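A.B. asks: Sequence first, predicted model second:
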Amino acid sequence: MAADDRVITAVIVDDHAAIAVGVGVWCAAAVPPIRLIDAGDRLAEVWTGPGADADVVIFDLELVPGMPDFGELRRLVDSGRRVVVYSQHIEDSIAIKCVDLGALAYLTKREGPEHLVPAIQAAARGEAYTTPSLSGAFIADTSAERPRLSQREAEVLRAWFVSSSKELVAAKLNIGVKTVDTYITRVRVKYANVGRAARTKSDLVSRALDDGLITLAELNDKV
């Protein structure tokens with residue numbers, strides 16, 4: 001089987017059975033098909049059982065009416081999970097907050113398989129996917145040009161800058177190399193989303209120095 005034909009697994013957490021069924025049909029029709037695990041509204045199944053090993057988490061932000069669960073989204077992201085938020089909320093502020101927290105894509109439930117399937121496929125590769133609604137949210141966003149990194153993203157970034165390899169970063173922070181890659185990808189996405197693309201490590205170092213995330217003294221102590 002070619003690398004591009006690897007079976008992607010995704011676990012969906014959504015309290016509406018019809019949504020999960022519809023997403024399951026879309027995933028089955030994808031090329032290659034995406035294997036979907038339905039966790040219902042049971043968040044525990046994202047952490048245990050088949051859902052724990054899924055490549056992508058499709059996360060309904062509001063399992064309890066009126067209570068968007070940003071805390072659970074942060075927990076998933078901080079653990080290294082690749083998250084696609086699939087939500088009924090259309091507010092730009094909520095979409096941007098989810099991306100700031102580390103979601104690789106934000107889709108409203110008005111956006112169908114033509115966006116959800118590519119978003120899942122991109123997330124499985126550790127890449128971001130920008131939907132029309134999210135693109136509009138970024139255009140409308142008037143926040144500063146400095147991206148808002150999570151504490152863990154900044155920690156991984158600084159460790160990478162002063163280490164000679166991602167393997168050393170993983171060992172230092174007691175996480176996997178794949179997780180290190182995921183955090184660095186998220187940081188690149190956030191810089192790209194504010195118009196300050198950082199495609200190389202040296203670009204990221206320059207951005208981090210500009211934003212005060214690391215100092216020249218720290219870089220000079222590189223191991």
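C.D. replies: Thanks, I have the structure now.
A.B. asks: per-residue confidence averaged over stretch 199-209?
C.D. replies: Taken as a whole, stretch 199-209 has a mean pLDDT of 88.
A.B. asks: Residue 207 and residue 98: what is the separation?
C.D. replies: 22 Å (CB to CB, to the nearest Å). All C-beta atoms are positioned from the backbone trio N, CA, C, and that covers glycine.
A.B. asks: Mind checking which of those two has more residues around it?
C.D. replies: Taking neighbours as other CB atoms under 10 Å, residue 207 and residue 98 compare with residue 98 leading, 27 against 21.
A.B. asks: so the more buried one, which of the three states?
C.D. replies: Recorded secondary structure, residue 98: helix (DSSP: H, G, I helix; E, B strand; the rest coil).
A.B. asks: List the buried residues for the lengthiest helix in the chain?
C.D. replies: Assignment by DSSP state H gives helix 177-193 as the longest helix of the chain. Using 16 or more other CB atoms under 10 Å as the burial criterion, the residues of helix 177-193 that qualify are 179-191, 193.
A.B. asks: Same question for stretch 209-223.
C.D. replies: 211, 213-214.
A.B. asks: Can you add secondary structure and distance to residue 72 and give these back as a markdown table?
C.D. replies: Listed next are these as a markdown table, based on DSSP: H, G, I helix; E, B strand; the rest coil; distance: CB to CB, whole Å:
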| residue | secondary structure | distance to residue 72 |
| --- | --- | --- |
| 211 | helix | 28 |
| 213 | coil | 26 |
| 214 | coil | 30 |
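A.B. asks: Reformat these as a markdown table; add distance to residue 57.
C.D. replies: As requested, the buried residues of stretch 209-223 are arranged in a markdown table below (distance: CB to CB, whole Å):
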| residue | distance to residue 57 |
| --- | --- |
| 211 | 29 |
| 213 | 27 |
| 214 | 30 |
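A.B. asks: For the protein, name the helix or strand with the lowest mean pLDDT.
C.D. replies: helix 132-140 (a mean of 60; mean pLDDT, DSSP states H and E).
A.B. asks: Not counting sequence-adjacent ones, nearest residue to residue 20?
C.D. replies: The shortest distance from residue 20 to any non-neighbouring residue, by CB to CB, 6 or more residues apart in numbering, is to residue 38 (4.7 Å).
A.B. asks: actually residue 58, not the one I wrote
C.D. replies: residue 12 is the one closest to residue 58 (CB to CB, 6+ apart), at 4.2 Å.
A.B. asks: Quick check: next helix or strand after the one helix or strand the one you found maps to?
C.D. replies: Assessed by DSSP states H and E, residue 12 sits inside strand 8-13. The helix or strand immediately downstream of strand 8-13 is helix 17-28, counting by DSSP H and E.
A.B. asks: Can you tell me the SS state at the nearest residue to residue 7 once chain neighbours are set aside?
C.D. replies: The shortest distance from residue 7 to any non-neighbouring residue, by CB to CB, 6+ apart, is to residue 35 (5.7 Å). At residue 35 the chain is in strand, as set by three-state DSSP.
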